[in-house]
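Trainee: Turn this into a structure:
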Amino acid sequence: MRRRKRLPSQLATDLGVSHATVSRWLSSEDVSSTRSCRKLAEYSGVPLQKVLSIVGHLPKIEEEVCHDWPEFREYAQGKYPKELDEDLITMIEDLIERRRKRHDPKNS
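Mentor: The predicted model follows:
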C-alpha cells in the first residue's frame, strides 16, 4: 500500500476483498488466506513464498543480510526514513554490488 500510495479501502478494491478483511489483516486480527496471499504477491511483486512466510502459512524465510554495506543502510534509514523503504534500500545495495563486481579486477 505504501509503495503504491493506496489506502486500505483502495487495496481492498484492487484485491477484490472487503475493506473489513484488509482492516483485520492490518490489525493482525486475521491472516490472509492462501488465495489472498497469491493476490497480494501478484499485486505487490513480492514472491508468493515470501508472502506466505510473512503471514505464517510457511516457516519464516531467513532474509539474506549483506554486511558489506551497513554504513549505507544506516545512512539511508537515518537520512531518508520516509522516502526509502526496505525494498528500495535493498535494490540500491544490489546495484552497488553489481557495480563493484563490474569494476573488480578479479572479474576481468
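Trainee: If we go by neighbour counts, what in the helix or strand bottoming out on mean pLDDT in the chain is buried?
Mentor: Using mean pLDDT, DSSP states H and E, helix 70-79 stands out as the lowest-scoring helix or strand of the chain, at a mean of 76. By neighbour count with 16 or more other Cβ atoms under 10 Å, helix 70-79 contains the buried residues Arg73, Ala76. For every residue, glycine as well, the C-beta is placed using N, CA and C.
Trainee: again, but for stretch 51-64
Mentor: Buried residues in stretch 51-64 (16+ other Cβ under 10 Å): Val51, Leu52, Ser53, Ile54, Val55.
Trainee: Would you mind putting these into JSON lines with pLDDT, secondary structure and distance to Tyr43 alongside?
Mentor: As requested, these are exported to JSON lines (pLDDT from 0 to 100; DSSP: H, G, I helix; E, B strand; the rest coil; distance: Cβ to Cβ, whole Å):
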{"residue": "Val51", "pLDDT": "89", "secondary structure": "helix", "distance to Tyr43": "10"}
{"residue": "Leu52", "pLDDT": "91", "secondary structure": "helix", "distance to Tyr43": "14"}
{"residue": "Ser53", "pLDDT": "90", "secondary structure": "helix", "distance to Tyr43": "17"}
{"residue": "Ile54", "pLDDT": "88", "secondary structure": "helix", "distance to Tyr43": "14"}
{"residue": "Val55", "pLDDT": "89", "secondary structure": "helix", "distance to Tyr43": "14"}
